[in-house]
Each structure stands twice: as C-alpha cells, then as structure tokens.
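Asks: what's the 3D shape of this:
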Amino acid sequence: MPALIIFLILVILTSMFGAVFRPGPWYDELIKPALTPPGWIFTPVWLTLYLMIAVSGWLIWKKTYSLKNPAMICWGIQLVFNALWSWLFFGLQRPGLALIDITILLIIIIGFIRYAWPVSRASSMLFVPYALWVGFAAYLNLGIIVLN
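Replies: Below you'll find the predicted structure:
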C-alpha cells in the first residue's frame, strides 16, 4: 500500500504543475474547434484520469518491482509530457509546441498500453480512457492552431 501512495503523490505533483498554467484571456479569445467541451468538464475528467494513471502504474509496479520494465518507463515518461503540455499551451502560449508534446504523449500512452498488457491487463485497460481523452485533446489543440 505505501507504493500506491507514492504513485498517487507522483500523479498529484504532475497535476499540480499543470494546474499552475491555466486558461486566461489569451485562451478565451481563441477560436475553438467544434466539440470543445465547457471548461468545467476538464476538472472531473482529469481527476478521474489521474486516479486511473496512478493505479495503473502501481499495478505494474506490484507485478514487476522494476523501473527498467518498458511499461514503467513509459509510465514515468508520460507524466513528464503530461505536465509539459499545460506549460507549453497555456504558460508559453505555444499551441504548436503543445501539439508536438501531446502527440508524443499519445504515442507513449499507446506504448504503455502495449507493454502493460502482458504484465497487467487491468493496468493496460486503465490507460485506454486516458488515450482516448488525450487523442481528443490533440484534436482540440490542432483545431486551435488551424482556426487561429
């Protein structure tokens, strides 16, 4: 159980870093793509996804106890790219760089799903909604670039 707390802390730190960079007047003035959800939806979605990300990493850890396992490597790297997106998009106001970041993030998430599957199918499946949401976020990110 202490390991689960460590995974939760790592995810909380990631979310706290991202939360520093919030939408503001710059974002409000952008033309948004169709299907852009209302702002209030992001907090409950990310809260749920972050919990799933933490549990997923913990499940892999429980089976491997190795930071060298490809799934664990992907898990750690995705946290970095996850945190960087908010800084690039909202902090630096660079949607192009954010799109590169989110594309790499999606590739790493898919890599995690693939590498986690033989170790823990539950862990792998916990990342599927995350992949879908990040794919949708990439669509929104690209749409902002195209429309603005």
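Asks: Who are the contact partners of the most centrally placed residue in the chain?
Replies: With distances taken as C-alpha atoms, centre = their mean, Asn82 lies nearest the centre of the chain, 4.2 Å away. The contact partners of Asn82, by C-beta atoms under 8 Å, 6 or more residues apart in numbering, come to Thr14, Gly18, Leu105. Where you see a C-beta, it was placed from the backbone N, CA and C, and this is true even at glycine.
Asks: what does Trp87 give?
Replies: Phe17, Gly18, Val20, Phe21.
Asks: same question, Thr36
Replies: Going by C-beta under 8 Å, 6+ apart, Thr36 touches Leu140, Gly143.
Asks: cutoff 10 Å now
Replies: Neighbouring residues of Thr36 by C-beta atoms under 10 Å, 6 or more residues apart in numbering: Leu30, Tyr139, Leu140, Gly143, Ile144.
Asks: residues touching the fourth one, list them.
Replies: I take that to be Gly143. If you count contacts by C-beta under 10 Å, 6+ apart, Gly143 has them with Leu30, Ile31, Lys32, Pro33, Ala34, Leu35, Thr36, Pro95.
Asks: so how many other residues sit close to the nearest residue to Thr48 once chain neighbours are set aside?
Replies: Take Thr48 and drop its neighbours on the chain: the residue closest to it by C-beta to C-beta, 6 or more residues apart in numbering is Pro129, 7.9 Å away. Pro129: 13 surrounding residues under other C-beta atoms under 10 Å.
Asks: Format the CA atom coordinates belonging to the one helix or strand Pro129 maps to as CSV.
Replies: Counting by DSSP states H and E, the element that carries Pro129 is helix 128-147. Presented in CSV, the C-alpha positions along helix 128-147 are these (Å, rounded to 0.1, in the frame of the first residue of the first chain):
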residue,chain,number,x,y,z
VAL,A,128,-7.5,3.3,-22.6
PRO,A,129,-9.7,6.2,-21.5
TYR,A,130,-6.6,8.3,-21.0
ALA,A,131,-5.5,7.6,-24.6
LEU,A,132,-9.0,8.5,-25.9
TRP,A,133,-9.0,11.8,-23.9
VAL,A,134,-5.5,12.7,-25.0
GLY,A,135,-6.5,11.9,-28.6
PHE,A,136,-9.5,14.2,-28.2
ALA,A,137,-7.3,16.9,-26.6
ALA,A,138,-4.9,16.6,-29.6
TYR,A,139,-7.8,17.3,-31.9
LEU,A,140,-8.7,20.4,-29.9
ASN,A,141,-5.1,21.5,-29.8
LEU,A,142,-4.8,21.1,-33.6
GLY,A,143,-8.1,22.8,-34.2
ILE,A,144,-6.9,25.9,-32.2
ILE,A,145,-3.8,26.0,-34.4
VAL,A,146,-5.8,25.7,-37.6
LEU,A,147,-8.5,28.2,-36.6
